[in-house]
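> sequence and computational prediction follow.
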Amino acid sequence: MIEAQKCSFLYLSIFTKHPLFHSITYKLMLAYYLRVKCVTVSSRKGVDKMAIIYRIFFLLLFSLCFPLLAVSGTYEVGVGKTFSNIGDVPWENMKAGDHVLIYWRQQPYKEKWGIAVQGTEQQPFVVRGIPNQEGELPIIDGRDANTRSQINFWNENRGVIKIGGANSPAVDIPTWVVVENLDIRSGRTPYTFTGRNGLTGYGRNAASIYVENGQNVTIRNCILRDSGNGLFVSWASRNVLVEGCWIYDNGIENSIYEHNTYTAAIGMVYQFNYLGPLRANCLGNNLKDRSAGTVVRYNWIESGNRQLDLVDAEDSPDLVNHPSYRKTLVYGNILIEPNGAGNSQVLHYGGDSGNTTIYRKGILYFYNNTVVSTRTGNTTLMRLSTNEKTCDC
C-alpha cells in the first residue's frame with residue numbers, strides 16, 4: 001500500500017499542475033486511472049485482469065481526448081522576436097488563453113486587425129503591449145495601415161482594432177478579451193488603410209478600438225487618440241470595462257456626432273481613466289453613453305461639448321428593457337469645464353433621440369464628484385431631460 005500511495009502522489013503532483021487537470025472530464029479519468037493503478041500495484045500475489053482492462057481503456061481515452069484541449073500559446077511581436085510584424089501573427093488561429101505580446105519599437109506598427117476569439121474567464125485572450133524602459137507604449141497607427149490577408153472581417157473601416165464577428169476566424173461573438181498597454185491612433189477620415197477590399201478610407205465614426213459585439217471585454221492602460229471616436233462600443237456588447245486609459249484628441253471637425261468615447265452595452269464601466277479635450281474644432285462630447293448599467297467612477301474628465309452625456313439606448317430594446325437601464329452611477333470623478341468649451345452643461349442625463357418613451361427615466365446617483373468650471377458665463381451642473389428622471393446627490 002505504501003507503494004500505491006507513492007504512485008498516487010506522483011501522478012497527482014504531475015497532473016494537478018497542468019491546466020488540463022481543471023477539466024471535469026480529466027479529473028474523472030485521472031481518478032479512475034489512479035484507482036486502477038493503485039489496485040494493480042498493491043496486488044502482489046496476482047494480477048487483477050479487470051483492473052488492467054480499466055487501466056488500458058482510460059489511458060486510451062485520455063490519449064484520444066488530450067489533443068482536443070489545446071494548450072495556450074504566447075506570440076511575441078517586435079524587434080528580435082518570433083514575429084516582426086503584428087500581421088505575421090496567425091490571428092485566424094487564436095484560442096482561449098493565448099497571449100499576443102507586442103513590444104515597443106521606434107517605428108509605429110502601421111497595422112490594423114480584428115479580434116474574434118472566444119476566451120473564458122479562466123483563460124481570457126490577451127493582447128498586451130510591452131513598454132520600453134521609459135514606459136512608452138507600442139504605437140498602433142491606423143494611418144496607411146495594413147491588415148493580414150488571412151483574416152477576414154466586416155466593418156473594417158470602423159476601427160483600427162475591431163473586437164467583433166469575422167468570417168475568418170468564423171466567430172460571431174468574441175468573449176473574455178483583454179487589450180492593454182497600447183497607444184492606438186489615427187482611425188478617422190481622411191486617413192486610409194489597405195484591407196480585404198484594397199485601399200479603403202475610414203468612416204467618420206471610426207474608432208481607435210471598435211467593439212462591435214464583444215462580451216466580457218477589458219480595455220486597460222491604453223492611449224486612444226486621433227480617431228473619429230477614441231472608443232466605440234456597440235449595443236450588442238455585454239460587460240465592458242475601460243480602466244486606466246488616456247483618451248483624448250478625438251473627434252471630427254465641425255461635427256457633433258463623434259466623441260472621445262461613444263458606448264452602448266449592458267454593463268459599461270469606466271474607472272481610473274483620463275479623458276481630455278477633443279481635437280481642435282471638434283464639437284462632440286467627452287464621454288457619451290447609451291448603456292444599461294452604466295458606472296463612471298474615479299475618472300478625470302476634462303472639456304468636450306459636455307463632460308458626460310448619458311442618454312437613451314435608441315438602437316436597442318434589449319438595453320431599454322434591462323433592469324439596470326434605469327440605474328446610473330457617477331461617483332468619485334473630477335469634472336473640468338474650461339472656458340468656452342461648448343455647452344455650458346457639465347452633465348446631461350435622460351435621452352436625446354426625441355422618443356421620450358425610451359429615455360432612462362431612472363435614478364442618476366451622483367456622489368462625491370468634484371466639478372471645476374472656469375467659464376466666464378454660466379455653468380449648468382446637470383440637465384435632466386424630463387421630469388421623469390431623478391438625481392440622487
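Nice, I can see it.
> so where's the chain shaky on pLDDT?
Counting by pLDDT under 70, the chain has low-confidence residues at 1-70.
> what's the domain layout of it?
With automatic domain parsing as the criterion, the domains of the chain are listed as 2-68, 74-392.
> how many other residues sit next to residue 111?
22 (other Cβ atoms under 10 Å). C-beta here means a position set from N, CA and C on the backbone, and glycine is covered the same way.
> can you pull the contacts of the residue lying closest to it once chain neighbours are set aside?
Spatial nearest neighbour of residue 111, chain neighbours left out: residue 86 (4.4 Å); criterion: Cβ to Cβ, 6 or more residues apart in numbering. Contact partners of residue 86, counting by Cβ atoms under 8 Å, 6 or more residues apart in numbering, are 77, 100, 102, 109, 111, 113, 140, 148.
> what's near enough to touch the third one?
Residue 102 makes contact with 77, 78, 86, 109, 127, 128, 129, 130, 138, 140, 182 under the criterion Cβ under 8 Å, 6+ apart.
> coming back round to it: just the domains of the chain: most buried one?
domain 74-392 (a mean of 20; mean count of other Cβ atoms under 10 Å).
> from the chain's centre, how far out does that one sit?
9 Å (Cα atoms, centre = their mean, to the nearest Å).
> quick check: end-to-end length of that domain?
The first and final residues of domain 74-392 sit 47 Å from each other (Cα to Cα, to the nearest Å).
> same thing with stretch 174-190?
29 Å.
> residues touching residue 124, list them.
96, 97, 176, 177, 178, 216, 218.
> same thing with residue 149?
Contacts of residue 149 (Cβ under 8 Å, 6+ apart): residue 196.
> 10 Å - rerun?
87, 168, 194, 195, 196 (Cβ atoms under 10 Å, 6 or more residues apart in numbering).
> and the two most separated of those?
For those, the farthest-apart pair by Cβ to Cβ is 168 and 194; their separation is 17.1 Å.
> out of the contacts of residue 124, which sit inside strands?
176, 177, 178, 216, 218 (DSSP state E).
> helices of the protein, start to end?
Per DSSP state H, the chain carries helices over the ranges 2-15, 24-42, 49-65, 317-320.
> who are the packing partners of the last one?
Same thing as helix 317-320. Where contact means 3 or more Cβ pairs under 10 Å, 6 or more residues apart in numbering; DSSP states H and E, helix 317-320 is packed against strand 229-243, strand 261-271, strand 292-297.
> give me the sheet partners of the longest one and which way each runs.
Going back to what we said before, that points to strand 229-243. Applying DSSP bridges, strand 229-243 is found paired with strand 207-211 (parallel), strand 215-220 (parallel), strand 261-271 (parallel).
> among those, which is nearest residue 163?
strand 207-211 (4.7 Å).
> export the closest one as PDB, just CAs?
The C-alpha trace of strand 207-211 is given here as PDB (Å, rounded to 0.1, in the frame of the first residue of the first chain):
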ATOM      1  CA  ALA A 207     -12.600  54.500 -33.600                       C
ATOM      2  CA  SER A 208      -9.200  53.500 -32.200                       C
ATOM      3  CA  ILE A 209     -11.000  50.500 -30.800                       C
ATOM      4  CA  TYR A 210     -14.400  49.400 -32.100                       C
ATOM      5  CA  VAL A 211     -16.200  46.900 -30.000                       C
END
